[in-house]
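K.L.:
Have a look; sequence and predicted model below, questions after that.
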Amino acid sequence: MDKRYRVMIIGLGLVLATSPVLASSLVYTPTNPTFGGNPLNGTFLLSTAQAQGQGANSGQNSPNLSGLESALSGIGSGTTIIVPGSTPTNP
């Protein structure tokens, strides 16, 4: 590199280092009107939620709770349930 390019690069570096920063702060604006967002978003958010359906509670998407239901069904019948990390006691 000759001297001319070196001077140009150093000059450009000094100009960039001393230039003012053109940035602004980030501001969070909520979308939901319940949390302070624009009240005009309410009908849009409601219609979007209704269009998505019932979620995991409908159809085959619901979780399998058969093990939990069978464990809870024996609580009042004198069955001892042992929780890991606890000492079993006799009723």
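P.N.:
On my side now, so go ahead. Numbering: from 1, shown residues only.

K.L.:
Which parts of the longest helix that the chain contains count as buried, going by neighbours?
P.N.:
Secondary structure of the chain per DSSP state H: the longest helix is helix 3-18. By neighbour count with 16 or more other Cβ atoms under 10 Å, helix 3-18 contains no buried residues. Any C-beta I mention is one placed from the backbone N, CA and C, and that applies to glycine too.

K.L.:
and the next element down the chain from it?
P.N.:
As assigned by DSSP states H and E, the chain's next helix or strand after helix 3-18 is helix 42-51.

K.L.:
following that next one, which helix or strand comes up?
P.N.:
Next helix or strand after helix 42-51 toward the C-terminus (DSSP H and E): helix 66-73.

K.L.:
one step back: could you dump the longest helix of the chain to CSV, C-alpha only?
P.N.:
Output of helix 3-18 as CSV, limited to C-alpha atoms (Å, rounded to 0.1, in the frame of the first residue of the first chain):
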residue,chain,number,x,y,z
LYS,A,3,1.3,6.4,1.4
ARG,A,4,-1.7,8.0,-0.3
TYR,A,5,-4.1,5.1,0.5
ARG,A,6,-2.8,4.8,4.1
VAL,A,7,-3.5,8.5,4.7
MET,A,8,-7.0,8.1,3.2
ILE,A,9,-7.8,5.1,5.4
ILE,A,10,-6.5,6.9,8.5
GLY,A,11,-8.5,10.0,7.6
LEU,A,12,-11.7,8.0,7.0
GLY,A,13,-11.2,6.3,10.4
LEU,A,14,-10.9,9.6,12.2
VAL,A,15,-14.0,10.9,10.5
LEU,A,16,-16.0,7.8,11.5
ALA,A,17,-14.7,7.8,15.0
THR,A,18,-15.6,11.5,15.6
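
K.L.:
Since that was my last question, I'll sign off now.
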